[in-house]
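Peer 1: Have a look at this prediction, sequence included:
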Amino acid sequence: MRAVARFDAYQRRHRWVGLPLAVVYKFFDDQATYLAALLAYYAFLSLFPIMLILVAVLGTLLSHNPGLQQDVLDSALGEFPVLGDQIAENIHSFHGNGLALAAGVAGSLYGALGVAQGAQHALNKIWAVPRYARPDPLRSRLKGALFLSVLALGLCLTTLLSVTVSDANVFGTRLATGIRVSAAVGAIILNAALLQLSYRVLTHCRLPLRHMNGAALGGACVWQALQWAGSYYVQDVLRGATATYGMFGIVLGLLAWIYLGALVFLMTAEVSAVRVLRLWPRSLLTPFTDRVRLTRGDRRAYRAYARTEAFKGFEHVEVRFGTPPPPWPAPLPGDRPEGESR
């Protein structure tokens, strides 16, 4: 028990331990795992139709340049390592089918707008935006359309980087290696910028983007690692699988990959929110018992959670903390309850 008390005191004094712990606590307080599942559901519905539409559009616009069409197609589908190969192998069944195109457009719009709505809800919750201050259903869908435009721009730019890498071999081995490294760094920087732009578009409050650069860059690095892991999964894990097992592996792998991507998106926002809103340090035992002395970070977090649920602008939410049961571990200096004089 004394060891727990000592660790609690240590993590409160040291940022490198206390900040990650506060992020984890807020992540579960916000039920971000369920929010990520919601994003994954809508993304799964929209991803396959969007890829089919992309292939159909490329087939029309680049019909006179099959080589460039294939390069762009391979690069775009390479952004979705679990699904891209399957679409590329079976895309012939989609050509010339107007009904399938219409169904794909409808399905992609439904899923994509669902992703945008779910992301707005999650980010507004993470940044403690009261419900009355959030946009109405019409404006929220307009913001969602703007968010989808940002994603489309990002896909175009990352596809351009991928095409550059795929053509790098014509310059020689040494130069090709430099181009690949530069393209990978450029993709990480681009993804970090897209993360920040997405947060700015979807969150209905002013965000201090200059304080979010580190978290966005870290999220972009994790996303790049997820893409490499997805490519490894397809090339090494699913290779040689039977048709039945391979189909199940593709579906499960795709769902897991999308869910992990949603977790990265939300976790990056959680890190930024904890830093900007100063929601740390947290008491080590706060999630497990009431017999704790709340820290300033705990009080800020619980006040923010309550204000977030205000539905009307004239609804006033006030949070007061009563006297807790005898605390364990003993209170630390500087963590006296509010209103107590020194």
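Peer 2: Great, that's in hand.
Peer 1: For the strand or helix carrying residue 44, give the mean pLDDT please.
Peer 2: Using DSSP states H and E, residue 44 maps to helix 32-61. Average pLDDT, helix 32-61: 76.
Peer 1: pretty sure residue 120 is touching residue 143, no?
Peer 2: Yes: Residue 120 lies in contact with residue 143 (CB atoms under 8 Å); the separation is 6.6 Å. Placement of C-beta: from N, CA and C, glycine included.
Peer 1: Show me the common contact partners of these two, please.
Peer 2: Any residue near both residue 120 and residue 143 by CB atoms under 8 Å, 6 or more residues apart in numbering counts here, and that gives 135, 202.
Peer 1: So for the two, which residue has more residues nearby?
Peer 2: Set residue 120 next to residue 143 and count neighbours by other CB atoms under 10 Å: residue 120 wins out with 22 against 19.
Peer 1: which residues touch the residue lying closest to the more buried one once chain neighbours are set aside?
Peer 2: The shortest distance from residue 120 to any non-neighbouring residue, by CB to CB, 6 or more residues apart in numbering, is to residue 202 (4.8 Å). By CB under 8 Å, 6+ apart, the contact set of residue 202 is 116, 119-120, 123-124, 143-144, 147.
Peer 1: out of those residues, who's nearest residue 320?
Peer 2: residue 124 (24.9 Å; CB to CB).
Peer 1: Residue 45 - nearest residue in space that isn't next to it in sequence?
Peer 2: Distances taken as CB to CB, 6+ apart place residue 111 nearest to residue 45, at 3.4 Å, with adjacent residues excluded.
Peer 1: The one you found: which element?
Peer 2: Per DSSP H and E: helix 98-126 holds residue 111.
Peer 1: just checking, next helix/strand downstream of that helix?
Peer 2: Downstream of helix 98-126, the next assigned helix or strand under DSSP H and E is helix 137-166.
Peer 1: Average pLDDT for that next one, rounded please.
Peer 2: Averaging pLDDT along helix 137-166 yields 76.
Peer 1: quick check: mean pLDDT across the helix or strand just after that helix?
Peer 2: Per DSSP H and E, the first helix or strand lying C-terminal to helix 137-166 is helix 173-202. Helix 173-202 shows a mean pLDDT of 81.
Peer 1: do the same with stretch 316-325
Peer 2: The average of the pLDDT scores along stretch 316-325 is 87.
Peer 1: gap between the two ends of that stretch?
Peer 2: 28 Å (CA to CA, to the nearest Å).
Peer 1: Would you mark the buried spots in it?
Peer 2: Across stretch 316-325, burial judged by 16 or more other CB atoms under 10 Å covers no residue at all.
Peer 1: And the contacts of it?
Peer 2: Under the criterion CB under 8 Å, 6+ apart, residues 290-294, 299, 302-303, 306-307, 309-310, 337-338 lie in contact with stretch 316-325.
Peer 1: Among the residues you listed, which pair sits farthest apart?
Peer 2: Across the contacts of stretch 316-325 (CB to CB), the longest gap, 29.5 Å, separates 291 and 310.
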